[in-house]
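1. Provided below are the primary sequence and the corresponding predicted coordinates.
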Amino acid sequence: MCGVCGLLSLDGSPVEAGVVEEMNQTLFHRGPDSGGAFVDGCVGIAARRLAIIDLAGGDQPISNEDGSVTVVQNGEIYNYRELRHELERRGHRFSTRSDTEVLVHLYEEHGPRFAERLRGMFAIAIWDDRRRRLVLARDPFGIKPLYYRVKDDFLSFASELKALLRQPGFSREIDLDALDAFLAFGFITAPLTIFREARKLPPGHLLVWDGTNGGGIRIEEYARPAAAPIDEIRGESEETLAAELRERLRDSVRAHLIADVPVGILLSGGIDSCTLTALAAEEGSGPVNTFTIGFDERHFDEREPARLVAERYGTNHHELVLRPDAVELLPALAETYDEPFSDGSAIPTYLVSQLAREHVKVVLSGEGGDELFGGYNYYVGHRLAPIIAPAAAALRPLVELLPTSTEKSSTFDYRAKRFARSARLPTLERHLQWKTITPAEEREELILPERRGPNELIDLLSPRFRQSVGADDLARVMDVDIGIFLVDDMLVRTDRASMAHSLEVRVPLLDPVVGELALALPSRLKVRGLSKKRLLKRAVAPLVPASILKAEKRGFAMPLAAWLRGELRPVMQEILSPSNLRRQGFFQPEVVGRLIDEHLARRADHHRKIWALLIFSLWFDRYGTAPES
């Protein structure tokens, strides 16, 4: 695991080695073990390394035998041993045991399409000196991030936005469409970033600059995990598919345990992480380390089920109880997430990563299980909506009367109102309503008129939705989640929080071996009636305690609503004060004040909106610049 960055002069002028080094140093936390750079004329690529495989010989950049092809990568390639054997048979010679060296020789054989052969998580940069070609590649599920910028005859790229900011002349002008997306979802969807000058390379895409072919830049898709069309879904019995899934999960965990350092597990107490713990314990030669975050608030606490699994498999179990003194972490979060990111799970993810890093360099985590196997309640809502939409519409006036003033009732009331308001909408519009934190009319009221973006939020989702024509409606919705919400929310949360502590997180459920089967399953084996993750539960029933399989999903959430009314209240009122909001120049102070007053008085639960505003304000004071009036 590493951080990568680079700079290419599009007009052929030399790049400054000092700029490349400064960009690379910004990524020190992603790779404290070593750093290196290759600078030659118009190009410079660099990496910070967290040594996991071939500890002594895997420093980057790495070149082929004659130095004509040079590579840096952020990630891990799990099939590198098989690829190496194949390449050696074709005459390639290796000087290290690292997975990174495989990439240069694989590129020599296949050119830019080398990425199609990889099983892993990665963001890769390859400089081909003979062809004067730069190739950037990002893994199909988007596990590893990659940002880029094309401006003033330079192409630059980096694992994090903060590295791009080190370039002279980088404009920090806010992208207003990105701001709107952030308020809507709590994160910013690709290809947007918070800055107008920078973009994200989408998952499964290549960016290629070819200096011998006019020097143009092209971005193309090379792989896309896609929902199978209805006529291509798997038709075997549930028992057969469950057995196959269990073996694919086992194969994935086995591959993800490859390392020259110990590997642990982030154990939340849910089905996904418990499954990984069970399989890792069976595959390993000794007790694995497991790590769990807990809360004093029982509704949010998953320590008990985590302990149950830890005891069953004899793990070295570690716990940390999170309390509202997390206010001390807010500046660290603004530094870690270098664009606004208000997923409430960022704090526990940050802290469990800190806890894990005290013991191991690598952990497995269960991201992707809900999106691939149907773990969210709104998937149930999508299945039920066509059936009960007329009744929901008729009952909507009564549902709107439900109170939302207490934490105990607000989750149910919130979901009931959302369902009643949206049940009769078309599938994608309904999904958008259920995923939105701040509705369009509230965003329009909240943002100052001169700071409102022109985008239609549905346009951020519809291209992905159109690509899955032929699959059933639930599979298409889940495909939107895989390509957008998983990539730009869940995986961003995990990557930044873990790498802030120089911890590598691997996600076996997003292995191609697992994804290939999951995406070919009929939706009825994922969600039926009120039951979720049906086939996954059957597959892992021999491994996971029955109480965990039957438990309601809690998610990796925090008691933010209560904390904002309690211990976090002073910092909320200070950061979102009218004077501070006027200084920053994006939001209507009186509207923000009304949200805070209603939340404190328990007339409404606005914690997600307030948290988003709080995070934006902290981020802005760290990275932003005041807009021109």
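-> That came through fine.
2. just checking, F94 touches V104?
-> No: F94 is beyond contact range of V104, at 9.7 Å (criterion: C-beta atoms under 8 Å). C-betas here are computed from N, CA, C, even on glycine.
3. so between the two, which is more surrounded?
-> Using other C-beta atoms under 10 Å, the more surrounded residue of F94 and V104 is V104, with 25 against 17.
4. where's the more buried one, which helix or strand?
-> helix 99-110 (DSSP states H and E).
5. contact partners of that helix?
-> By C-beta atoms under 8 Å, 6 or more residues apart in numbering, the residues outside helix 99-110 that reach it are 53-54, 58, 60, 62-64, 69-73, 76-77, 80, 83-84, 87, 90, 92, 94-95, 114, 116-118, 120, 124, 126, 128, 135.
6. cutoff 6 Å now
-> Helix 99-110 has contacts (C-beta atoms under 6 Å, 6 or more residues apart in numbering) with 53, 60, 62, 64, 69, 71, 73, 77, 80, 83-84, 87, 92, 94, 114, 126.
7. skip the chain neighbours and tell me the closest residue to S13.
-> Among residues not flanking S13 along the chain, C42 sits closest, at 6.5 Å (C-beta to C-beta, 6 or more residues apart in numbering).
8. distance check, the one you found against T26.
-> As judged by C-beta to C-beta, to the nearest Å, C42 and T26 stand 22 Å apart.
9. name the residue in these two with the higher neighbour count.
-> T26 (22 against 19).
10. where along the stretch 201-350 of the chain do the helices fall?
-> 238-256, 271-283, 303-312, 330-336, 346-357 (DSSP state H, counting those that start in this stretch).
11. packing partners of the third one?
-> So the one you mean is helix 303-312. When contacts are defined as 3 or more C-beta pairs under 6 Å, 6 or more residues apart in numbering; DSSP states H and E, helix 303-312 packs onto strand 289-295.
12. if you set the cut-off to 10 Å instead, what comes out?
-> With contacts defined as 3 or more C-beta pairs under 10 Å, 6 or more residues apart in numbering; DSSP states H and E, the secondary structure elements packing on helix 303-312 are strand 263-266, helix 271-283, strand 289-295, strand 316-322, helix 546-550.
13. run the angle between that helix and strand 289-295 for me.
-> Counting by axes from the mean of the first three to the mean of the last three C-alpha atoms, to 10 degrees, helix 303-312 lies at 160 degrees to strand 289-295.
14. which parts of helix 303-312 are buried?
-> For helix 303-312, burial by neighbour count (16 or more other C-beta atoms under 10 Å) applies to R303, P305, A306, R307, L308, V309, A310.
15. same question for the second one.
-> Applying a neighbour-count criterion of 16+ other C-beta under 10 Å, one finds I271, D272, S273, C274, T275, L276, T277, A278, L279, A280, A281 buried in helix 271-283.
16. hang on, the earlier thing: contact partners for the residue nearest to S13?
-> Residues in contact with C42 (C-beta atoms under 10 Å, 6 or more residues apart in numbering) are 7-15, 127, 132, 134, 154, 211.
17. so where's the stretch 351-500 of the chain shaky on pLDDT?
-> 389-420, 455 (pLDDT under 70).
18. what segments of it are strands?
-> Using DSSP state E, counting those that start in this stretch, the strands of the stretch 351-500 of the chain run over residues 362-364.
19. that one: helices as residue ranges?
-> Going by DSSP H, counting those that start in this stretch, the stretch 351-500 of the chain shows helices at 369-373, 377-399, 407-422, 427-435, 440-446, 458-467, 473-480, 491-499.
20. the ones you listed: which one's closest to L536?
-> Checking the helices of the stretch 351-500 of the chain against L536 by C-beta to C-beta gives helix 369-373 as the closest, at 4.2 Å.
21. elements contacting that closest one?
-> Applying 3+ C-beta pairs under 10 Å, 6+ apart, one finds that helix 369-373 makes contact with helix 271-283, helix 377-399, helix 473-480, helix 512-518, helix 534-540.
22. report the central residue of this structure.
-> With distances taken as C-alpha atoms, centre = their mean, L491 lies nearest the centre of the chain, 1.5 Å away.
23. what residues are up against that one?
-> For L491, the contacting residues are 121, 141-145, 203, 365, 367-368, 485, 505, 507, 510, by C-beta under 10 Å, 6+ apart.
24. ok, now L372?
-> Contacts of L372 (C-beta under 10 Å, 6+ apart): 141, 225, 272, 478, 481-482, 486, 509-510, 514-515, 517-519, 521, 526, 533, 536.
25. now do V352
-> V352 sits next to 266-268, 291-294, 318-320, 322, 363, 365, 497-498, 501, 503, 556 when contact means C-beta under 10 Å, 6+ apart.
26. returning to what we had before: only the buried residues of the helix holding V104, if you could.
-> Buried residues in helix 99-110, counting neighbours by 16+ other C-beta under 10 Å, are found at D99, T100, E101, V102, L103, V104, H105, L106, Y107, E108.
27. so which of these comes closest to L351?
-> The nearest one, if we look at the buried residues of helix 99-110 relative to L351 and count by C-beta to C-beta, is D99, at 29.7 Å.
28. domain-wise, how is this structure divided?
-> Domain segmentation of the chain under automatic domain parsing yields 2-221, 230-373+475-550.
29. among these, which comes closest to D459?
-> Counting by C-beta to C-beta, D459 lies closest to domain 2-221 out of these; the figure is 9.4 Å.
30. that closest one: end-to-end distance?
-> One end of domain 2-221 sits 24 Å from the other (C-alpha to C-alpha, to the nearest Å).
31. repeat for stretch 548-565
-> 32 Å.
32. quick one: buried residues of that stretch?
-> Neighbour-count burial for stretch 548-565 [16+ other C-beta under 10 Å]: I548, L549, F556, M558, P559, L560, A561, A562, W563, L564, R565.
33. can you check stretch 247-257 too?
-> Neighbour-count burial for stretch 247-257 flags R248, L249, R250, D251, S252, V253, R254, A255, H256, L257 (criterion: 16+ other C-beta under 10 Å).
34. next: stretch 217-237.
-> Neighbour-count burial for stretch 217-237, counted by 16+ other C-beta under 10 Å, picks out A223, R224, P225, A226, A227, A228, I233.
35. contacting residues around the third one?
-> Okay, so that is P225. Residues near P225 by C-beta under 10 Å, 6+ apart: 140-142, 203-204, 368, 372, 479, 482-483, 510, 512, 515-516, 518-519.
36. one more: P386?
-> Here P386 is in contact with A423, R424, T427, D473 (criterion: C-beta under 10 Å, 6+ apart).
37. how about P589, nearest residue that isn't a chain neighbour?
-> P578 (3.8 Å).
38. swap in E590?
-> Among residues not flanking E590 along the chain, P578 sits closest, at 7.8 Å (C-beta to C-beta, 6+ apart).
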